[in-house]
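Participant: Predicted coordinates and the sequence they were generated for:
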Amino acid sequence: MVIGSGSEMGVKSYFAFWKEDAFGTVTGLTAGTGASTLEPLNFSVKTEIVSQKLEQIGINRGFTKRVQLDKNVAGTMEQNYHPQESVLLTAVALGGGITTASLSGGFTHQLDAGDFDTSPSSLMFKVRKGQNHFWEYKGVRINQMTISGNVGEMIKASYEIIAQDSSLTGADISGDLSISAILPYTYVQGVYRYHSNIASMTATVEEFIQGFELVINNNMITDANARALGSNTPQIFPPTRRSIEFKVQQRFDTNTIWNRFVQATQGSVQLRFVGQSASAKQNYTCVIDMPKVFVNSPEPEVAGPNEILSSEITYDVLVDNPDTSTGYDIRFTFINSTTSY
């Protein structure tokens, strides 16, 4: 076949991923080794190799030699936030491991933010692009995760992915994988809560918002400091200070938020999503807790005579109980029917 005379359609692609036992270590490529399958909205992870044309003196005006240097594997993936498929991805974005316990009719999985020294800290991806070509990505970490939701939309998650290495391989594992029948979260299933402390979060402290955006950035080092002589791929992805950005869109109807702002009131916020039934006693649930927040810039703008006054409220998110084993800045808790990850 002449190159470029055929075509491959994205609809024929599939996406599977595993926990790595050690960073950059290829594990078994079967569903029996803990594979999960995704249905992303898009996947733009690509491999690039830095090239350099040599500035050497010769009789030609043009360049005559070039070399290849750093190999970089990075990109983004977006998905509808899912009560089963998103758990492992979220855990790797947080870097603090998963604590699982059984419930009557389900399992609870607590995901804490950490230092990427607790499993799962990295993933391996197997991606079929089109119908006939297969890529493997190893040493995958999530440098930044963004979760957002707005009225009338699905709850979405975007992941900024970096990987140690990639390869094109011909092994197809589509027969070993299965797609979850559980539906992802929608805005209808979400509520926003604010209180002076995280322990008192109940339905009585729910406030109405029209949208939110949560960004968790690990600020990982990916430059020359992550590399070593003898290889064109990174050896490590050290995380630096974690930053969390959180903002909500809310109709402006009282001065309560303004008072929280000018008085520098410490509070706690919680996002809670309750999906379809996992059992007779449990629903597929995701709870996001931020125990120590401060309000910034809630003052509304007057956009026009026929526009509702609305505030875009940003929050400073901090660690409560610092320098203790119980302090944290963000925590995710999922309830689903999965026994372990």
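Facilitator: Right, received. Where do you want to start? Numbers count the residues shown, from 1 in each chain.
Participant: Quick one, grab the pLDDT at the residue sitting nearest the centre point of the chain.
Facilitator: Note on the chain: the residue nearest the mean C-alpha position is residue 145, at 3.4 Å, using C-alpha atoms, centre = their mean. Looking at residue 145, its pLDDT is 98.
Participant: part of a strand, is it?
Facilitator: Yes - assessed with DSSP: H, G, I helix; E, B strand; the rest coil, residue 145 lies in a strand.
Participant: Helix, strand, or coil at the residue nearest to it when sequence neighbours are not counted?
Facilitator: With C-beta to C-beta, 6 or more residues apart in numbering as the criterion, residue 145 has its nearest non-adjacent residue at 3.9 Å, and that residue is residue 93. For the C-beta atoms, the positions are set from N, CA and C on the backbone; glycine is no exception. Classification of residue 93 using three-state DSSP returns helix.
Participant: helices and strands of this protein: which one has the lowest mean pLDDT?
Facilitator: strand 36-38 (a mean of 86; mean pLDDT, DSSP states H and E).
Participant: which residues touch it?
Facilitator: The contact list for strand 36-38 (C-beta atoms under 8 Å, 6 or more residues apart in numbering) reads 14-18, 77, 79, 84-85, 88, 177-180.
Participant: So residue 51 versus residue 105, what's the distance?
Facilitator: 56 Å (C-beta to C-beta, to the nearest Å).
Participant: okay, the two: which has more neighbours?
Facilitator: residue 105 (14 against 10; other C-beta atoms under 10 Å).
Participant: confidence score at that one?
Facilitator: 92.
Participant: Then residue 33?
Facilitator: For residue 33, pLDDT reads 50.
Participant: cool, and residue 13?
Facilitator: 85.
Participant: the strands in the stretch 151-300 of the chain, which residues?
Facilitator: Ranges of strands in the stretch 151-300 of the chain, per DSSP state E, counting those that start in this stretch, are 156-163, 165-169, 190-195, 206-207, 211-217, 243-251, 267-277, 283-296.
Participant: just the stretch 1-150 of the chain next, same as before
Facilitator: 14-19, 36-38, 42-43, 46-53, 66-80, 95-103, 106-113, 123-129, 133-150.
Participant: residues in contact with the third one?
Facilitator: What it means is strand 42-43. Residues contacting strand 42-43 (C-beta under 8 Å, 6+ apart): 13, 15, 75, 76, 77, 78, 127.
Participant: one more time with 10 Å
Facilitator: 10, 13, 15, 75-79, 125, 127, 129, 135, 158-159, 161 (C-beta atoms under 10 Å, 6 or more residues apart in numbering).
Participant: If any of the residues you listed are buried, put those into a PyMOL selection.
Facilitator: The following PyMOL line selects those of the contacts of strand 42-43 that are buried, judged by 16 or more other C-beta atoms under 10 Å:
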select buried, resi 15+75+77+79+125+127+129+135+158+159+161
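Participant: Just name the closest of the contacts of strand 42-43 to residue 317, please.
Facilitator: Taking C-beta to C-beta as the measure, residue 317 lies nearest residue 158 of the contacts of strand 42-43, at 18.4 Å.
Participant: is it true that the closest one touches residue 79?
Facilitator: Yes - counting by C-beta atoms under 10 Å, residue 158 does reach residue 79; the two are 8.2 Å apart.
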